[in-house]
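>>> what follows is a predicted structure for the sequence shown.
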Amino acid sequence: MTDANANAIRALEALYRTFARYPLRARIVGCPHCVGQKDDAPLHRAPLRALRAADLGSYAFKAMTTWGDVDDYRHFLPRILDLSLDRPPEPGLEPAQIADKLRYAGWSTWPEDEQKAITEFVMATFQAALAWHPDIRAESSPRPCWEVWDALEFAATAHGDVSMLLAAWPMQGNASLLHFADLVLRWAEQSHELERVAGLKLRRFLLDATKISILEAVFAAYFDEPWSCRIAEAVDVLVALGPAPP
């Protein structure tokens with residue numbers, strides 16, 4: 001297990017400890033037109049940590065808007081974030097969906113330790129993702145670990161800013177640099193989506209001229225590796241797009 005993954009596990013445990021102050025209510029009341037009494041049963045099927053994605057997916061999607069209140073959501077939040085690490089996550093448990101719910105819940109006004117627990121979880125899962133080579137992570141890395149894009153989208157939606165994550169991105173190590181190259185290529189294909197989520201700060205980060213030199217050096221050192229073609233493609237994209245905006 002890498003240090004980054006160990007940090008992510010500690011951050012997940014901190015979530016459970018921090019939000020344990022919110023008990024499970026005997027019934028999570030919902031809109032009578034949207035949520036029936038039978039829908040509440042899966043939420044009480046097992047202790048929090050034993051709830052399955054199938055138990056929580058529907059609730060997580062409807063939480064606070066048509067089902068339960070903010071304190072109910074805070075009770076389930078650690079397990080919701082825990083289950084969001086599954087690949088692929090159950091509908092309703094996607095990181096972007098959770099971030100949208102947090103914004104709706106006004107999480108930036110929550111107690112400081114609650115905000116800190118969420119922020120540290122996002123940072124830790126992001127760093128765990130960067131530590132694993134994207135071509136082998138799915139087979140070999142232990143949880144918890146989001147995809148890099150999941151963490152960026154979460155930060156952009158919940159915080160309105162990706163600076164914290166970009167500042168923590170080490171431009172060294174093959175795994176981290178290949179994640180960077182993959183993000184460049186995705187940006188080239190879906191720039192409208194990435195601009196919507198992360199905006200000008202991401203553009204400046206990607207188009208920083210020093211990163212082209214770093215990628216070129218990696219390609220020269222590992223040109224015979226099957227993944228090196230993605231490094232070369234990313235360099236071509238960055239060169240074609242020109243310098244970063246001021």
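Nice, I can see it.
>>> contacts and neighbour counts: CA atoms only from here.
Will do.
>>> tell me where the model's unsure across this structure.
Residues of the chain meeting the criterion pLDDT under 70: 1, 136-144, 190-199, 244, 246.
>>> how about the helices of it, start to end?
Ranges of helices within the chain are 3-18, 37-40, 53-62, 70-83, 95-104, 112-131, 137-140, 148-158, 163-167, 174-189, 191-206, 209-221, 228-241, based on DSSP state H.
>>> adding mean neighbour count and distance to Ala46, write the ones you listed out as JSON lines.
Putting these into JSON lines (neighbours: other Cα atoms under 10 Å; distance: least, Cα to Cα, whole Å) gives the following:
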{"stretch": "helix 3-18", "mean neighbour count": "19", "distance to Ala46": "16"}
{"stretch": "helix 37-40", "mean neighbour count": "13", "distance to Ala46": "12"}
{"stretch": "helix 53-62", "mean neighbour count": "20", "distance to Ala46": "9"}
{"stretch": "helix 70-83", "mean neighbour count": "22", "distance to Ala46": "12"}
{"stretch": "helix 95-104", "mean neighbour count": "20", "distance to Ala46": "22"}
{"stretch": "helix 112-131", "mean neighbour count": "22", "distance to Ala46": "24"}
{"stretch": "helix 137-140", "mean neighbour count": "12", "distance to Ala46": "28"}
{"stretch": "helix 148-158", "mean neighbour count": "23", "distance to Ala46": "28"}
{"stretch": "helix 163-167", "mean neighbour count": "14", "distance to Ala46": "35"}
{"stretch": "helix 174-189", "mean neighbour count": "20", "distance to Ala46": "37"}
{"stretch": "helix 191-206", "mean neighbour count": "16", "distance to Ala46": "36"}
{"stretch": "helix 209-221", "mean neighbour count": "16", "distance to Ala46": "49"}
{"stretch": "helix 228-241", "mean neighbour count": "17", "distance to Ala46": "45"}
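>>> how about the residue nearest in space to the middle of the chain, nearest residue that isn't a chain neighbour?
Centroid-nearest residue in the chain: Ala151, 2.8 Å away (criterion: Cα atoms, centre = their mean). Spatial nearest neighbour of Ala151, excluding adjacent residues (Cα to Cα, 6 or more residues apart in numbering): Phe126 at 5.7 Å.
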